[in-house]
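Sequence isn't available, so here's the structure alone:
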Ligand SMILES: NC(=O)CC[C@H](N)C(=O)O
């Protein structure tokens, strides 16, 4: 952040990138969580929303981008390639949180349709994450909600390979100890390259490329969720993920402030603990 990191001395600016394009799954709540956790500790904080068509600023303190449909994430990739403010900020070390479609866009490439039932195309990502994303395979047996198909929210053509449901993971990143919890809803299967490390080890759900995929790791191998690389934290977890995982929110805040997570004043929030307990126990 620019200026002194003492509480109240300057404003922490949280970039919410393309909420009009990558806003389908409520991930804009992550920026709200960051702002409120900062404000509760006495920092001034504001959300700077950058819409489609606007240049992405490179001077913000934290960046968040969320999930979206295939066609929308193709637009997002094109826009962010033309306006590389987030990439410039990531290269100087600004924390970036990218969720689902956001994760895929951060990678080397992803395959996405141009609409429900539309043609699949390989699209270049931003290259901030050593990862590639391919469409799920029907034979991979993703859990499909018949209700979603009936309501037309998932097309039968795409539904069989779609991965939908609760996901939980043991964190594999320094500074995180609590089980990560979220909700996943994706057709893409992401494979990490050697420069990326997984965010967590899956204890429930799927996360990255399914072990049962014939081209994936052996079926008895551990599944992993999300990825970290440089200042980027990427995950398939909606929720919003930072509402369900305050420890992750504080890790991003601490990095933005240049302090250790343990230096942040603890926040007692029984409602959040109750939410976590409920979601981790849900079927
Ligand atoms: N939830 C999402 O962001 C979905 C991402 C992407 N469109 C997929 O289906 O894989």
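Alright, I've got the coordinates. No experiment lies behind these values; they were computed from the predicted model shown.

just the helices in the stretch 1-150 of the chain please.
For the stretch 1-150 of the chain, the helices defined by DSSP state H, counting those that start in this stretch occupy 29-40, 70-82, 85-91, 101-106, 146-150.

can you list those in CSV and add mean pLDDT and distance to residue 227?
For glycine as for every other residue, the C-beta is placed from the backbone atoms N, C-alpha and C. Output for the helices of the stretch 1-150 of the chain, formatted as CSV (pLDDT from 0 to 100; distance: least, C-beta to C-beta, whole Å):
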stretch, mean pLDDT, distance to residue 227
helix 29-40, 98, 16
helix 70-82, 96, 16
helix 85-91, 98, 13
helix 101-106, 98, 7
helix 146-150, 53, 26
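
With mean neighbour count as added columns, please give these in JSON lines.
Formatted as JSON lines, these follow (neighbours: other C-beta atoms under 10 Å):
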{"stretch": "helix 29-40", "mean neighbour count": "21"}
{"stretch": "helix 70-82", "mean neighbour count": "19"}
{"stretch": "helix 85-91", "mean neighbour count": "19"}
{"stretch": "helix 101-106", "mean neighbour count": "30"}
{"stretch": "helix 146-150", "mean neighbour count": "12"}
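
what about those, which gets the closest to the ligand?
helix 101-106 (3.5 Å; C-beta to the nearest ligand atom).

Quick one: name the residues of this protein near the ligand.
25, 67-70, 73, 100-101, 185-188 (C-beta under 6 Å from any ligand atom).

Would you enumerate the residues in contact with the nearest residue to residue 237 once chain neighbours are set aside?
Excluding its sequence neighbours, the residue lying closest to residue 237 (C-beta to C-beta, 6 or more residues apart in numbering) is residue 182, at 2.4 Å. By C-beta atoms under 8 Å, 6 or more residues apart in numbering, residue 182 lies in contact with 166-168, 235-239, 241, 244-245.

my guess is residue 66 contacts residue 21, does it?
No. Counting by C-beta atoms under 8 Å, residue 66 stays clear of residue 21, with 9.4 Å between them.

which of these two has more neighbours?
Neighbours were counted for residue 66 and for residue 21 using other C-beta atoms under 10 Å; residue 66 has more, 30 against 23.

roughly how far apart are that one and residue 83?
18 Å (C-beta to C-beta, to the nearest Å).

before we move on, the earlier item: show me which of the residues of the chain next to the ligand is closest to residue 119.
residue 70 (10.4 Å; C-beta to C-beta).

Spit out the contact partners of the residue in the stretch 51-200 of the chain that the ligand sits nearest to.
The ligand sits closest to residue 67 of the stretch 51-200 of the chain, with a gap of 2.5 Å, by C-beta to the nearest ligand atom. Each residue near residue 67 by C-beta under 8 Å, 6+ apart is listed here: 22, 24-25, 27, 99-102, 185-186, 238.

Mind doing that once more with 10 Å?
22-27, 73, 98-104, 184-186, 236-238, 240 (C-beta atoms under 10 Å, 6 or more residues apart in numbering).

any idea of the mean pLDDT for stretch 197-209?
In this model, stretch 197-209 carries a mean pLDDT of 93.

which stretches of the chain have low pLDDT?
Scanning the chain for pLDDT under 70 picks out 1-9, 137-160, 210-221.

Now with 80, please.
Scanning the chain with the threshold set as pLDDT under 80 gives 1-9, 114-118, 136-161, 210-222, 283.

which residue is nearest the centroid of it?
residue 99 (1.7 Å; C-alpha atoms, centre = their mean).

and that one, bridged to which residues?
Counting by DSSP bridges, residue 99 is bridged to residue 235.

ok, it touching residue 242?
Yes. Contact criterion C-beta atoms under 10 Å: residue 99 and residue 242 qualify, at 9.4 Å.

residues shared between the contacts of these two?
27, 30, 64, 182.

nearest to residue 203, of those residues?
residue 182 (12.1 Å).

Give the bridge partners for that closest one, please.
Beta bridges link residue 182 to residue 167 when assigned by DSSP bridges.

and what of residue 200?
Beta-bridge partners, per DSSP bridges, of residue 200: residue 171, residue 225.

ok, for the residue of the stretch 51-200 of the chain closest to the ligand, nearest residue in space, not its chain neighbours?
residue 100 is the one closest to residue 67 (C-beta to C-beta, 6+ apart), at 3.5 Å.
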